[in-house]
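K.L.:
Give me coordinates for this.
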Amino acid sequence: MLGRNGRISRWLGSAAIIIGSLLSLPAESQPQEIQELMKIQERALANARELSGSSLPDAKSWGEGWKKAWELPGSVPAACKSEDEYWQNTIKNLGGAGLTQADAEKVLSVFTQGFAQQGMTQRDGMIQALVSLRNADAPAAQQILAEWETYSAGLKLAGSTDRSNRADAYKQLLQLSAAPYKDFTDAQLRNTYLREATLLKKRTFMSFYKCNNWDALAKVRSDREIKENNLWIGTVDVKLMFADESRIAELQDLPAAEVSNLQNRLQAAVQGVIAGVQPMLKQQLDKVLKECEERAKANPDDLDARRTAQQAQDEYNAAIAAVGQTKAEVAMKQFGDNSYVIRVIGVNPDVAGDKAGLFIGWIRKGHVMSQVSVKGNAPEEELSKAMDHFLSELDAKLASYDSSLAGMMKIAPAGAIATPTNPPTVGSTSGASKKSKPPLGHKDPSDPGTGKASDADLGSATGMPTGPKDSTSSQAGRGTPGTITSPPVVTNVDPPEYQQAQDAYNSGDVEGSKRLVEQALQKNPGHVSSLMMRGSLRNIESDLAGALADFKRASEVEPGNANARRYHALFELLAGDAVVAAKEADAAIQLSNGDVETYLLRAQAAMAMDKPDEAKPYFEKVLQLRPNRAAELYAEAGTALNTKRYMVANLQFQTVLWLDPNQYSAHFGRGAALAGLGRNKQAVASYQRYLKFDATSAYARQARDAIKALKTN
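P.N.:
Sure thing, here's the model as predicted:
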């Protein structure tokens, strides 16, 4: 079923060509207005290239050997001559984004006029416009199911349709695609299209490729040669979409309760494709056998005819066995607000025993969605491992795309503050003794950073760094959540100042962003996105009391908002109330079906309450879902340290040690964070702990200098 690079094999490809021929129309039948549609699409996607460079993962962080389409050997089918060519091809097929209501109405008009010119109805045009839109924009669960069900139905139609009657075949295919919309009125079709077409604000796409031997791959010409040369090639496609933040409720998640139904339908569709492919395989075999039989009759001594016939029969048997092994699976993942993986695993019928797979991962976090496709002939366990890695990376990266939380949880390198980078394992540094790894949440009595995180250690009102405040936040204690006492005015419509505040922040105008978000909250004191954005801005300025007030208020106004509850938990933890933090984290876990960051917060709260046994299962869950979370936290802590957010840096470095006590470089960073908080005695203890593992490096000398300075002050 699946061939080279995870694509459908030439057998299924033949079926796709037949379906495509039924769908295709003469060029002269295409409406002239299609050019106007393309202009709208190109305008809407003008930022896709820039967005790709700023928002998609950097393949260099995955290791050596990754290439983009314009870097591939020319013999690889996906190769492009230049980056410009890649984007021209991508933009044509990616789908729209940033459409205004007027744009969407124009696109819909083009579809309906085009179908009218072909002798069909405006209703046909509206349905096909909606089908086309959902093919590009629908979440992975809907998209993959529709794709395979269309293959199945199309193959069945291809086997029963007189292909000489193209118009009749085309109408039958339209009827198939229109079936899900048969109960829609024309007004419902129109309104549904206009609503969905304006949902996405930005989007981009990029393909990444890796091979175990690019030079050898450039010389092969078939799947069989790939198998014979022990080559493999894998592709990772990443699609990123930003929805209108005021319309998050319209985004369609896959509930865990629907997984079984989706898997059953998908497997049935796969079986339908198999049933449609088999007669085609038999037809091709019969043709070859007949030709060989005629050759043998004409020349009884033609041994080549017999060998050809036997080879064709063997290939047919292998192909039938191969397509029968194709299976579909769906599994929920604990990333973001909604995440799952769809796997279609099979054997390439072109090459006996050559396995191939297609993994589609989906993650939504707030208003940002990403689809990751991992495909190829690499071992199944490697594809599965790769998918979890990419979803984990995107889970972290998507947090930085939430404009209401911009800058707070952003993943970035450690920055200019001198902290050890790429921390070595225990025993690799001169003067460090090799030890067995302590258990998760280990309490080391000689180090104040790996035991109980008391209220004073995590931060109280008197220990909090201060920054610019405003009248809505309380300075006294961890406190009162602000001066708002009247019930908030809640509305689904964003104040215009909120979007302006986002734009100002994204352009680097932080002061303008602060002013505009204040204006938004004056108009609507209960606007949750504005509260969360102001909380983020306050956090950046180390106004943790103000940030806590905003996130607390947001969680009160909208208790069903998982992000609000999660960040409320974080700032309660930073403020020293671990009991409330644990309660809020529990609520966020229930609302989000559990994600890595919420599990981590729950574990941190348990440690702050001196309950390592309670924290242990949450830490284990974190490492199960994201094995490299400790390393990521180390980088995040360096960023917080560099921006003088010492309270956050302290907690993050401390959590690194809870997750992996052998990452001893975190002791150095924690020493710097504690020094920034003015907790000199604890800072000295952290630096001394670092020196137990590293006694000779430049960082060791810096640690000694810091200890000397701290003891002097």
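K.L.:
Name the helix or strand for M533, please.
P.N.:
helix 528-540 (DSSP states H and E).
K.L.:
C-alpha coordinates for that helix, CSV please?
P.N.:
Output of helix 528-540 as CSV, limited to C-alpha atoms (Å, rounded to 0.1, in the frame of the first residue of the first chain):
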residue,chain,number,x,y,z
VAL,A,528,-9.6,36.7,29.4
SER,A,529,-7.1,37.0,26.6
SER,A,530,-6.3,40.5,27.6
LEU,A,531,-5.9,39.5,31.2
MET,A,532,-3.5,36.8,30.2
MET,A,533,-1.6,39.0,27.9
ARG,A,534,-1.2,41.6,30.7
GLY,A,535,-0.1,38.9,33.1
SER,A,536,2.6,37.9,30.6
LEU,A,537,3.8,41.4,30.2
ARG,A,538,3.9,41.9,34.0
ASN,A,539,5.9,38.7,34.3
ILE,A,540,8.4,39.9,31.8
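K.L.:
now it: mean pLDDT?
P.N.:
Per-residue pLDDT over helix 528-540 has a mean of 89.
K.L.:
Show me what counts as buried in stretch 498-513.
P.N.:
Buried residues in stretch 498-513, defined by neighbour count with 16 or more other CB atoms under 10 Å: Y498, Q499, Q500, A501, Q502, A504, Y505, S513. Every residue, glycine included, has its C-beta placed from N, CA and C.
K.L.:
can you list these in a markdown table and add pLDDT and distance to W658?
P.N.:
A markdown table is the format used below for those (pLDDT from 0 to 100; distance: CB to CB, whole Å):
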| residue | pLDDT | distance to W658 |
| --- | --- | --- |
| Y498 | 87 | 37 |
| Q499 | 84 | 39 |
| Q500 | 88 | 41 |
| A501 | 87 | 36 |
| Q502 | 83 | 35 |
| A504 | 84 | 38 |
| Y505 | 82 | 33 |
| S513 | 89 | 34 |
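K.L.:
Let me have these in TSV, extended by secondary structure and distance to L217.
P.N.:
Converted to TSV, the buried residues of stretch 498-513 look like this (DSSP: H, G, I helix; E, B strand; the rest coil; distance: CB to CB, whole Å):
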residue	secondary structure	distance to L217
Y498	helix	50
Q499	helix	47
Q500	helix	50
A501	helix	49
Q502	helix	44
A504	helix	48
Y505	helix	45
S513	helix	49
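K.L.:
so which of those residues comes closest to I363?
P.N.:
For the buried residues of stretch 498-513, the minimum distance to I363 (CB to CB) is 21.8 Å, reached by Q502.
K.L.:
any weak-confidence spans in the stretch 101-250 of the chain?
P.N.:
158-171, 223 (pLDDT under 70).
K.L.:
can you give me the strands for it?
P.N.:
In the stretch 101-250 of the chain, the segments counted as strands under DSSP state E, counting those that start in this stretch are 200-211, 233-243.
K.L.:
Looks like L51 contacts M206 (just checking).
P.N.:
No: contact between L51 and M206 fails when scored by CB atoms under 8 Å: they sit 9.9 Å apart.
K.L.:
quick one: which of those two has more around it?
P.N.:
Under the criterion of other CB atoms under 10 Å, the comparison of L51 against M206 puts M206 first, with 23 against 19.
K.L.:
correct me, but the more buried one touches T235?
P.N.:
No: at 11.0 Å, M206 and T235 do not qualify as touching, with contact defined as CB under 8 Å.
K.L.:
Redo the buried residues of stretch 498-513 as TSV? Include distance to V372.
P.N.:
Output for the buried residues of stretch 498-513, formatted as TSV (distance: CB to CB, whole Å):
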residue	distance to V372
Y498	30
Q499	29
Q500	33
A501	31
Q502	26
A504	32
Y505	28
S513	31
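K.L.:
from the residues you listed, which single one is nearest A104?
P.N.:
Nearest member of the buried residues of stretch 498-513 to A104, counting by CB to CB, is Q499, at 18.9 Å.
K.L.:
now that we're looking at the closest one, how far away is P627 from it?
P.N.:
38 Å (CB to CB, to the nearest Å).
K.L.:
wait, K552 sits on A569?
P.N.:
No: K552 lies out of contact with A569 (CB under 8 Å); the separation is 10.1 Å.
K.L.:
okay, these two: which has more neighbours?
P.N.:
Per other CB under 10 Å, whichever of K552 and A569 has more neighbours is A569, with 30 against 24.
K.L.:
any idea which element the more buried one lies in?
P.N.:
With DSSP H and E as criterion, A569 is part of helix 562-575.
K.L.:
tilt between that helix and helix 528-540?
P.N.:
30 degrees (axes from the mean of the first three to the mean of the last three CA atoms, to 10 degrees).
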